[in-house]
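Trainee: This is a predicted model, with the sequence first.
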Protein chains: 2
Amino acid sequence: MTVLLDSPVKCSSCPIRHRAVCARCDEDELSILEGMKSYRTFEAGQLILWRGEPLTYVASVVHGVASLSKTLEDGRTQMVGLLLPSDFIGRPGRDEIEFDVTATTDVTLCCFDRAPFERLVDETPHVAQRLMELALDELDAARDWMLLLGRKTAREKIATFIEMLARRSHSENVLTTKVVLPMTRDQIANYLGLTLETVSRQFNALKKDGIISLTDRRHVDVLDYAALHEATGDDADGGVLS
Amino acid sequence: MTVLLDSPVKCSSCPIRHRAVCARCDEDELSILEGMKSYRTFEAGQLILWRGEPLTYVASVVHGVASLSKTLEDGRTQMVGLLLPSDFIGRPGRDEIEFDVTATTDVTLCCFDRAPFERLVDETPHVAQRLMELALDELDAARDWMLLLGRKTAREKIATFIEMLARRSHSENVLTTKVVLPMTRDQIANYLGLTLETVSRQFNALKKDGIISLTDRRHVDVLDYAALHEATGDDADGGVLS
DNA sequence: CGGGCTTTTGACGCCGCTCAAAGATAGTGG
DNA sequence: CCACTATCTTTGAGCGGCGTCAAAAGCCCG
């Protein structure tokens, strides 16, 4: 069930303070947001918002992973975005979204009612600018994904996926070799435009090649970053340290 | 070669006046833009901007079609966007782009130097808001395309492509049955994540089924809109009249 | 220990890719 | 105006990667 927590974390000690929609806000702006916000939590698997439904609030992801997905008439589905902590849900000036938003893991959201938030956007350029940056970041990510979906092989897709998670989950430039998979094989398949069987086979193929090891179903250990990047099909310069 | 025309069309009689980045501008704002703009034309096939190059200007497409594309190490390429008249090239706050921009047909751009344009964006909310809308529109389009690339069959891809062109090219709610293909089979293949042979075969399959007819290589005549939509795999409600 | 879920593994078939060649079409120069 | 050429498109034959179907194995939680 959706849970409304009465005491959200203070903005000043919020883990996503410097990356979320509030990143550029000064103290005054922050205290306005502080007054508007509330936390909501969702269990893994819950629908957070769905296509066509009027959007009553917008939110930042604080903890956990959510996903955006679209579905064809006959039920085939494709994830069109992954929302990690600091990512934003909802869009200024629209009152519907065109996809479903689902909690992939347990999720905590920092929510703002739409009307007051939009007023704030109109008045504070810091928020509007940051929103624009976030939208453009998403657009870049979407385009990388289009290349992946349209042209990469199953093996390249899996390698790219692991590399992306490694890049986004390492803390402060320290490159960790342990990667946590925030989703099941089935969800990974929907993200990569594959079937779950193919996902499983390719994970094991990378393992057999000594590029990764699979400690348990949710944990990948990257043994050879160079080989992993090689397997993504991307240019050499797009490597891990960039 | 790039041609700089010394006398661009006046904004007030510009064909994209009400849809481009300037859509919400009032007379005063428009005259500022008028003073900043210049036209550039490119022949079909020319590179307009390329990945990693510093971005010296931003622009609106006035006539023609341009495309955004990304390339893998071994040369496989995927179009990640189609720019039709009124679409915008370039992004505030970034000095590089992550893809190549190519003229698909002969193209006329309405260009603004980046520095003065960005100053204008900071000062006039009308432009900033419109830019945000355009970015979100592109994001929606990118996500539809992700569904197509990841989950649709070749036939569904072709049907979706034709339907999209029909929808974007008809003027003022009048549904034309004649659709002009602004690109070659090879370029269509790169847009849809297919090969040119498959594109050709699927066009002819739709023709054999009586859904379209092919007058010449650049012109499609839609004979049966309902059947075309059926062939896209999308939900019933996303039909032509929406 | 039992039941449901996720993952793995195998066998097989099909859609779309590859390779190849012939057929249109448009642009060029004689 | 027409032959010539380059480019684009169509068509065919064959193959392979990934999807489909099925069943077994592993894991988690009561």
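Mentor: Cool, the structure landed.
Trainee: alpha carbons only for contacts and neighbour counts from here, please
Mentor: Noted.
Trainee: Could you list the residues of chain A in contact with chain B?
Mentor: For chain A, the contact set with chain B under C-alpha under 8 Å from any C-alpha of the partner chain comprises A:70-74, A:76-80, A:91, A:93, A:98, A:132-133, A:135-136, A:138-140, A:142-143, A:145-147, A:149-151, A:192-194, A:233-236.
Trainee: Of these, select the buried ones using a PyMOL command.
Mentor: The buried residues among the residues of chain A next to chain B can be selected in PyMOL (16 or more other C-alpha atoms under 10 Å in any protein chain shown) with this line:
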select buried, chain A and resi 70+71+72+77+78+79+80+91+132+133+135+136+138+139+140+142+143+145+146+147+149+150+151+192+193+194+233+234
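Trainee: So which of the residues of chain A next to chain B are in helices?
Mentor: Among the residues of chain A next to chain B, the ones falling in helices (DSSP state H) are A:132-133, A:135-136, A:138-140, A:142-143, A:145-147, A:149-151, A:192.
Trainee: Tell me the confidence at the residue nearest in space to the middle of chain A?
Mentor: Central residue check for chain A by C-alpha atoms, centre = their mean: the C-alpha nearest the mean position is that of A:Leu83, 2.1 Å away. Model confidence at A:Leu83, given as pLDDT, is 96.
Trainee: Tell me how many other residues surround the residue nearest to it when sequence neighbours are not counted.
Mentor: Nearest non-adjacent residue to A:Leu83, counting by C-alpha to C-alpha, 6 or more residues apart in numbering or on different chains: A:Ala66, 5.0 Å away. A total of 31 residues lie near A:Ala66 under the criterion other C-alpha atoms under 10 Å in any protein chain shown.
Trainee: Tell me how far A:Ala66 lies from chain B.
Mentor: Using C-alpha to the nearest C-alpha, to the nearest Å, A:Ala66 is found at 16 Å from chain B.
Trainee: How about the contacts made by that residue?
Mentor: If you count contacts by C-alpha atoms under 8 Å, 6 or more residues apart in numbering or on different chains, A:Ala66 has them with A:Leu82, A:Leu83, A:Leu84, A:Val101, A:Thr102, A:Ala103, A:Thr104, A:Thr105, A:Val107.
Trainee: Show me what it bridges to in the sheet.
Mentor: With DSSP bridges as the criterion, A:Ala66 is bridged to A:Leu83, A:Ala103.
Trainee: That one and A:Glu96, how far apart?
Mentor: 18 Å (C-alpha to C-alpha, to the nearest Å).
Trainee: Repeat that for A:Val58.
Mentor: Taking C-alpha to C-alpha, one finds A:Val58 at 11 Å from A:Glu96.
Trainee: likewise A:Gly64?
Mentor: Distance from A:Gly64 to A:Glu96, by C-alpha to C-alpha: 23 Å.
Trainee: what residue ranges in chain A are flagged as low confidence?
Mentor: In the predicted model, chain A carries pLDDT under 70 at residues A:1-7, A:170-174, A:237-242.
Trainee: DNA strand D contacts on chain A?
Mentor: A:Lys152, A:Thr153, A:Ala154, A:Arg155, A:Gly193, A:Leu194, A:Thr195, A:Glu197, A:Thr198, A:Asp216 (C-alpha under 7 Å from any atom of the strand).
Trainee: Of the residues you listed, which pair is most distant in space?
Mentor: A:Lys152 and A:Asp216 (26.2 Å; C-alpha to C-alpha).
Trainee: ok so A:Tyr39 is a helix residue?
Mentor: No - counting by DSSP: H, G, I helix; E, B strand; the rest coil, A:Tyr39 is not found in a helix; it is strand.
Trainee: Excluding chain neighbours, what is closest to it?
Mentor: Excluding its sequence neighbours, the residue lying closest to A:Tyr39 (C-alpha to C-alpha, 6+ apart) is A:Cys110, at 4.7 Å.
Trainee: which element is the one you found on?
Mentor: Element membership of A:Cys110 [criterion: DSSP states H and E] is strand A:107-113.
Trainee: Please list the outside residues in contact with that strand.
Mentor: The contact list for strand A:107-113, computed with C-alpha under 8 Å, 6+ apart, reads A:36-44, A:56-66.
Trainee: tell me the domain boundaries of chain A?
Mentor: A:3-148, A:153-238 (automatic domain parsing).
Trainee: need the residues of chain A near DNA strand C, please.
Mentor: So chain A meets DNA strand C at A:183-186, A:196-201, A:203-204, A:217-218 (C-alpha under 7 Å from any atom of the strand).
Trainee: Which members of those residues are positioned in helices?
Mentor: The helices in this structure, assigned by DSSP H, contain A:Arg185, A:Asp186, A:Leu196, A:Glu197, A:Thr198, A:Val199, A:Ser200, A:Arg201, A:Phe203, A:Asn204 from the residues of chain A next to DNA strand C.
Trainee: before we move on, back to that, which neighbours does the strand holding A:Cys110 have in its sheet, and in what orientation?
Mentor: Strand A:107-113 is paired, per DSSP bridges, with strand A:38-42 (antiparallel), strand A:57-63 (antiparallel).
Trainee: Turn these into TSV, including mean neighbour count.
Mentor: TSV is the format used below for the strands paired with strand A:107-113 (neighbours: other C-alpha atoms under 10 Å in any protein chain shown):
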stretch	mean neighbour count
strand A:38-42	21
strand A:57-63	22
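Trainee: The nearest residue to A:Cys111 once chain neighbours are set aside: what's it in contact with?
Mentor: In space, and not counting its chain neighbours, A:Cys111 is closest to A:Ala59: 4.2 Å by C-alpha to C-alpha, 6+ apart. Residues near A:Ala59 by C-alpha under 8 Å, 6+ apart: A:Phe88, A:Ile89, A:Gly90, A:Leu109, A:Cys110, A:Cys111, A:Phe112.
Trainee: Could you identify which of the residues you listed has the most neighbours?
Mentor: A:Leu109 (27 neighbours).
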